[in-house]
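In: I would like the atomic coordinates for the input below:
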Amino acid sequence: MLQTLVLTVAKALVDHPDEVTVEETEHDGTTLLTLSVHKDDVGKVIGKNGKVASSMRSLLAAANRENGKVRLKIAD
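Out: All right, here's what the predicted structure looks like:
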C-alpha cells in the first residue's frame, strides 16, 4: 500500500514516469521505501527546499500511523 502511494505520487510529478521505481525493505521494525527516478526528475520529487519530499513523507506517516516507522529515501 505505501509503495503504491509513493509510486502514484511520484509518477504524477515527473517527466519520465516509466522510470519511477519504489523498493520496499524492512529493518528493525522500520519500513524503508527507496524511490528512484530519472536523473532529470530528481529535483521534481525533492522540490524547492525539499518541500515535495517532505510532503510525501508526511503522507506516508499519516497512511502508516498504526504500523510503526516508515522512511522515504530518494536515490540519486
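In: surely L13 and K44 touch.
Out: Yes - under the criterion of CB atoms under 8 Å, L13 is in contact with K44, at a separation of 5.0 Å. The way it works is simple: take the backbone N, C-alpha and C, and place the C-beta from them, glycine included.
In: now do the shared contacts for the two.
Out: The overlap between the contact sets of L13 and K44 (CB atoms under 8 Å, 6 or more residues apart in numbering) consists of V52.
In: run through the residues that contact M56.
Out: Going by CB under 8 Å, 6+ apart, M56 touches V6, V9, A10, V45, L72.
In: show me where this protein has its strands.
Out: 21-27, 30-36, 69-74 (DSSP state E).
In: could these go into CSV alongside mean neighbour count?
Out: As requested, these are exported to CSV (neighbours: other CB atoms under 10 Å):
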stretch, mean neighbour count
strand 21-27, 12
strand 30-36, 17
strand 69-74, 16
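In: which residues in the chain form helices?
Out: Taking DSSP state H as the criterion, the chain carries its helices at 2-13, 42-46, 51-63.
In: adding mean pLDDT, write these out as CSV.
Out: Shown next, in CSV, are the helices of the chain (pLDDT from 0 to 100):
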stretch, mean pLDDT
helix 2-13, 94
helix 42-46, 95
helix 51-63, 93
